[in-house]
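# Pasted the sequence and its predicted model underneath.
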Amino acid sequence: MPRVAASGAITAARASPKKKIKDSKLKDKKGKKEKKDQKEKKDKKEKRGGIETGSAQPQAPPVSAAAFSQQLTPGVAAVAAEFQRDPDFNISDEDQESSAEEAVPEQAAEAEGPRSAEDLMRDEITQVLVASGGECRLSSLETQLGLSMPPEVHDSFIIDMEGDAIALTGKQMCKLLEAPSFNVAAIEESFFDLGEEVLRAGLDFGAEDRFRELFDDLLAKREEVRAAVLRRADGILYAPGALGRNRQLPPMLREEEELLNWVLRAVKAQSRRSPWVPMSSLLEDINIRRGRAVLPDGLPLWEWLSLRCKEDMSMVTDGSDLLLQYLPDSSAGAVEGEARRSKLAEAVRDTLFKYATEFPTANGLSFADLEQLPAVARLKVQPRALQRLLSTLPQMFQIYENSLGPAVRLAPGTGPAQQPARALIPGELPTTMEEWELEKDVLFRGMPSPPEGWIRVISKSTGCIYFANRHNPRETRVDMPKAPAHKA
């Protein structure tokens, strides 16, 4: 079946000769009329350029060059100045577009008319609050402005008369204190990504054109980053690479931990309604809003969260508000956390094993003492976090209370032999499964038997007790294996 365009051609080919002649005459008639109209338009233009007859038009008073230049927009004024220097100067399409863009804000401002006294006062109050980090004392602000806060502007801010406090709303704080640096960082991140793409393309010598195109894009992206940095509204000086990927922070202070807890609680609570939580809604919380003051190096809240939560926190923006999503269990950070968890549990187990060997009468260690031992202290974990971690491993550790508070000890079966029949000299330890089977009643007397298919052994290198699968000696565990469920 022919296409639509082909069908039209077939229909035209079948037209009769008489119709063709008629169409030709109509075309000639139409062409003559168009030529006549063009001639009339040309005559009118010539009359406008010369001296026209008829009623004289009133002449405008002469305007000086200085006065005329003041009436021009910046873009048009620049073109006029260039024309005075070079009469052959021609304005390009790009210059016309930029001049039009510069004229739009001025025309919009004129259309809006003069701003009210309330609007001007809101601007002054906003500037003071931005300089104060988003919140300050109401009395201090009134003293600085030299007037009392009029009721007309109360709805534009968060005001606590009893607490003598005034603050920006969450949306204002996000737009003025968080979004500017976030937008710069987003552009800088795209600059990094484009740079990596340029490096990869530079090694592909069979696609030279693509490399040069990407390199030009990289230069253009650099100018975009530069322009974004120069127009930042928060006034913070930019340090090269300050928003880059390798920035590190010192360990959190107690105040920072409290702020992080407030943020994560708010994010989890609001995530029940929507997976993406606006930053502006978080900043409505007084604890989070005031907690920004404890951030190190004057960091914005979004950057501090991204550095502390790493891959667990995702962020996007529409240019004004930031949207946060916290997914600790499904991100790469969960893998890193699991590795750290295993390393910490192993360090505690080895420490308790060594302590029980050296002090057989001791009954474990308090968490206050445990966190000071070198093997655990170097991992930099808080006592509460350590206690929570060990409580999830009942096969390896037992949590209890002693005179010093919460304490931990090895679970039965993971500690040293209480009354060995002979000294455990590495050279005399069994080497095969059969030998371990014969010696288990001597070496591990009084310890609970492992599930069927498993046997308890001792490492020659570390002296630690672990479990090995009889059917697969390569399968080992440090905690007591679970008995397989019996099928009904």
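Ah, there it is.
# which residues of the stretch 151-300 of the chain fall in strands?
Listed in chain order, the strands found in the stretch 151-300 of the chain under DSSP state E, counting those that start in this stretch are 158-160, 165-167, 277-278.
# Nearest to Arg409 among the ones you listed would be which one?
Put simply, out of the strands of the stretch 151-300 of the chain the one that sits nearest Arg409 is strand 277-278, at 41.9 Å, with distance taken as CB to CB. Every C-beta, even on glycine, is put in place using the N, C-alpha and C of the backbone.
# Pull the residues that contact that closest one.
Residues outside strand 277-278 that contact it (CB atoms under 8 Å, 6 or more residues apart in numbering) are Gly170, Cys174, Ala266, Val267, Gln270, Ser271, Asp321, Leu322, Leu323, Leu324, Gln325, Tyr326.
# now the residues you listed in CSV, with pLDDT?
Conversion of the contacts of strand 277-278 to CSV gives the following (pLDDT from 0 to 100):
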residue, pLDDT
Gly170, 86
Cys174, 85
Ala266, 90
Val267, 90
Gln270, 88
Ser271, 84
Asp321, 81
Leu322, 85
Leu323, 88
Leu324, 88
Gln325, 87
Tyr326, 85
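# Show me just the buried residues among those.
Gly170, Cys174, Ala266, Val267, Gln270, Asp321, Leu322, Leu323, Leu324, Gln325, Tyr326 (16 or more other CB atoms under 10 Å).
# do you know how far the fourth one is from Leu323?
This means Val267. In this structure, Val267 and Leu323 are 11 Å apart, going by CB to CB, to the nearest Å.
# go on, the fifth one?
As for Gln270, its distance to Leu323 is 11 Å (criterion: CB to CB).
# again with the second one
Taking CB to CB as the measure, Cys174 falls 10 Å from Leu323.
# Overlap of the contact sets of those two?
With contacts taken as CB under 8 Å, 6+ apart, the residues that reach both Cys174 and Leu323 are Pro278, Met279.
# re the thing from before, indicate which one of the strands of the stretch 151-300 of the chain is closest to Gly206.
Of all the strands of the stretch 151-300 of the chain, the one in closest proximity to Gly206, counting by CB to CB, is strand 277-278 (47.0 Å).
# For the residue nearest to Ile166 when sequence neighbours are not counted, give its distance to Thr169.
Spatial nearest neighbour of Ile166, chain neighbours left out: Leu138 (4.6 Å); criterion: CB to CB, 6 or more residues apart in numbering. According to CB to CB, Leu138 and Thr169 sit 15 Å apart.
# cool, and Ser271?
Looking at Ser271 against Thr169, where the rule is CB to CB, the gap reads 22 Å.
# ok, now Gly405?
Spatial separation of Gly405 from Thr169 under the definition CB to CB is 44 Å.
# Same drill for those two, tell me which one is more crowded.
For the pair Gly405 and Thr169, the greater number of neighbours falls to Thr169 (17 against 10), based on other CB atoms under 10 Å.
# ok, now which ones touch the more buried one?
Applying CB under 8 Å, 6+ apart, the residues near Thr169 are Ser156, Phe157, Ile158, Ser280, Glu284.
# Near the closest residue to the third one other than its chain neighbours, how many other residues are there?
What that stands for is Ile158. Distances taken as CB to CB, 6+ apart put Ala167 closest to Ile158, at 4.4 Å, once the chain neighbours are dropped. In terms of burial, Ala167 registers 23 neighbours under the definition other CB under 10 Å.
# try Thr392
Per other CB under 10 Å, the neighbour tally for Thr392 reads 10.
# Distance check, it against Gln144.
Thr392 is 54 Å from Gln144, where distance means CB to CB.
# again with Asp119
19 Å.
# now do Glu189
Distance, Glu189 to Gln144, using CB to CB: 38 Å.
# try Ala117
The gap separating Ala117 from Gln144 is 18 Å, by CB to CB.
# Please parse the chain into its domains.
The domain map for the chain lists 117-168, 254-329, 333-410, 426-477, with the assignment taken from automatic domain parsing.
# Out of the ones you listed, which gets nearest to Phe182?
In terms of CB to CB, the element of the domains of the chain nearest to Phe182 is domain 254-329, at 5.3 Å.
# sorry, back to before: nearest to Glu197, out of the contacts of Thr169: which one, please.
The closest of the contacts of Thr169, once distances to Glu197 are taken by CB to CB, is Ser280, at 33.7 Å.
# show me what contacts the closest one?
Ser280 neighbours (CB under 8 Å, 6+ apart): Thr169, Gly170, Lys171, Met173, Cys174, Lys175, Asp321, Leu322.
# Return the residues in contact with Leu194.
Leu194 sits next to Leu214, Asp217, Leu218, Lys221 when contact means CB under 8 Å, 6+ apart.
# any idea of the pLDDT on the second one?
By that I understand Asp217. Per-residue confidence for Asp217 comes out at a pLDDT of 92.
# where does Val457 land in three-state SS?
Put simply, Val457 is strand when judged by DSSP: H, G, I helix; E, B strand; the rest coil.
# Go ahead and confirm it touches Arg477.
No - shown here, Val457 and Arg477 do not form a contact pair, counting by CB atoms under 8 Å, at 10.9 Å.
# Please name the bridge partners of the closest residue in space to Ser391 that isn't next to it in sequence.
With CB to CB, 6+ apart as the criterion, Ser391 has its nearest non-adjacent residue at 5.3 Å, and that residue is Ile399. Here Ile399 sits in beta bridges with Val408, as judged by DSSP bridges.
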